[in-house]
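Undergrad: Sequence and predicted structure, then a few things I'm wondering about:
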Amino acid sequence: MSSAHIPDGAEIPDPFLEEVSPGIYAYIQLDGSWGLNNAGFIVGEDAVTVIDSCFNEKRARAYNDVIAGVTSLPIRTLVNTHHHGDHTNGNYLSPQATIIGHEQCRQWMIDTAVSSNRHAGLFPNVDWGDIKIAPPFVTFEDRLNIYVGDLKVEAIYVGPAHTTNDVILWIPERKLLFAGDIIFNGGTPFVSMGSVAGMLVALEQIRALGAEKIVPGHGLVCGAEQIDEQVAYLRFIQEVARKGFDAGKTPLEAATAADLGRFAALLDAERLVGNLHRAYSEIRGEPLGTTLDLPMVVADMITLNGGKPVRCVA
């Protein structure tokens, strides 16, 4: 299944819960475009473990209210899949929780602290609310087991991929995976802050787990078939990048000339140029995850989007 695109000006549906396994919930925000992420939580015997938060104060509070509507147990643990604000901006609303993430997730959050002026060109209409940065204060480098009662949740570092600090949460007893933004269902994968090649490796790591159900970072809950869709898009990016690079075109020129074909139906097509910037970096032989000129990437995405800020209705 893929996310249905909601036309500009149309009413955005309310987020909804899907119980993806007994006591384990996915919090789905459609249509999954910029800022409309998924999150989730696991209800234990005496506390709740939460996976990610939401983009602005209003959405993060609504998410916590939904959790409180399911259980009166306290939120004791909060795990971030990566540093992006749609997954972390609401951390501060769970002040009693132990916040866990990759070491680089913590550092990126500190270094790119969100304010109402951040990314003003990309998201000029977002009502951020009173966001306070609350980075992970328990960090790890490779793997960490988190227990919810007797249920083991394996936090596995798979970056650089979508970012430099991606973590997936694998629950082997349930064959269930919270994939973070390694998986977009119905949306364009985005790797300008991570790695095209690294994302392909991460997807093969996910495939090897044998997940029967995947909660993507954006879009509807899906199965392992979505891995192939991500791989196909990333291979397309590498092909477009190689042709553009060899022809001496800039990433923006290559993106403008590219035929998206089957991928034209994906949300947020302007991410193409950001992905090409990353692919060009890898063609040049730069280390995976090398920090790019993000203002240039943002400017090129806006240009590819017809000179308008990207669509964000969060």
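TA: Cool, the structure landed. Residues are numbered from 1 along each chain as shown.
Undergrad: okay, CA-based contacts and neighbour counts for the rest of this
TA: OK.
Undergrad: Convert the biggest helix by length in the chain to CSV, retaining C-alpha atoms only.
TA: In the chain, assigned by DSSP state H, the helix with the most residues is helix 225-246. Output of helix 225-246 as CSV, limited to C-alpha atoms (Å, rounded to 0.1, in the frame of the first residue of the first chain):
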residue,chain,number,x,y,z
GLU,A,225,7.8,-5.6,-0.4
GLN,A,226,8.5,-1.9,0.3
ILE,A,227,12.2,-2.6,0.6
ASP,A,228,12.3,-3.3,-3.2
GLU,A,229,10.6,0.0,-3.9
GLN,A,230,13.2,1.9,-2.0
VAL,A,231,16.1,0.0,-3.6
ALA,A,232,14.6,0.7,-7.1
TYR,A,233,14.4,4.4,-6.4
LEU,A,234,18.0,4.6,-5.1
ARG,A,235,19.4,2.7,-8.0
PHE,A,236,17.5,5.2,-10.2
ILE,A,237,19.2,8.1,-8.3
GLN,A,238,22.6,6.5,-8.9
GLU,A,239,21.9,6.1,-12.6
VAL,A,240,20.7,9.7,-13.0
ALA,A,241,23.7,11.0,-11.0
ARG,A,242,26.3,9.1,-13.0
LYS,A,243,24.9,10.4,-16.3
GLY,A,244,24.6,13.9,-15.1
PHE,A,245,28.0,13.9,-13.5
ASP,A,246,29.7,12.5,-16.6
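Undergrad: Pull the distance from that helix to the chain's centre.
TA: How far helix 225-246 lies from its chain's middle: 19 Å, per Cα atoms, centre = their mean, to the nearest Å.
Undergrad: ok so Met109 is a strand residue?
TA: No: residue state for Met109 (DSSP: H, G, I helix; E, B strand; the rest coil) corresponds to helix; a strand is not indicated.
Undergrad: okay but it is in contact with Ile133, surely?
TA: Yes: between Met109 and Ile133 there is a contact under Cα atoms under 8 Å: 7.4 Å.
Undergrad: Between the two, which is the more surrounded one?
TA: Met109 (20 against 17; other Cα atoms under 10 Å).
Undergrad: Tell me the confidence at that one?
TA: pLDDT for Met109: 96.
Undergrad: same thing with the one 4 residues further on?
TA: Note on Ala113: pLDDT of 72.
Undergrad: Now do it against Cys105, distance only.
TA: Distance of Ala113 to Cys105, given as Cα to Cα, to the nearest Å: 12 Å.
Undergrad: Compare neighbour counts for those two and give me the winner.
TA: It is Cys105, of Ala113 and Cys105, that has more neighbours when counted by other Cα under 10 Å, with 26 against 16.
Undergrad: C-alpha coordinates for the helix or strand hosting Val201, CSV please?
TA: Assigned by DSSP states H and E, Val201 falls within helix 196-209. Once non-C-alpha atoms are left out, helix 196-209 reads as follows in CSV (Å, rounded to 0.1, in the frame of the first residue of the first chain):
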residue,chain,number,x,y,z
VAL,A,196,22.7,6.7,-1.2
ALA,A,197,25.1,3.7,-0.9
GLY,A,198,24.7,3.5,2.8
MET,A,199,20.9,3.5,2.5
LEU,A,200,21.2,0.5,0.1
VAL,A,201,23.2,-1.3,2.7
ALA,A,202,20.7,-0.5,5.4
LEU,A,203,17.9,-1.8,3.3
GLU,A,204,19.7,-5.1,2.9
GLN,A,205,20.2,-5.3,6.6
ILE,A,206,16.5,-4.8,7.1
ARG,A,207,15.7,-7.5,4.5
ALA,A,208,17.9,-10.0,6.3
LEU,A,209,15.9,-9.5,9.5
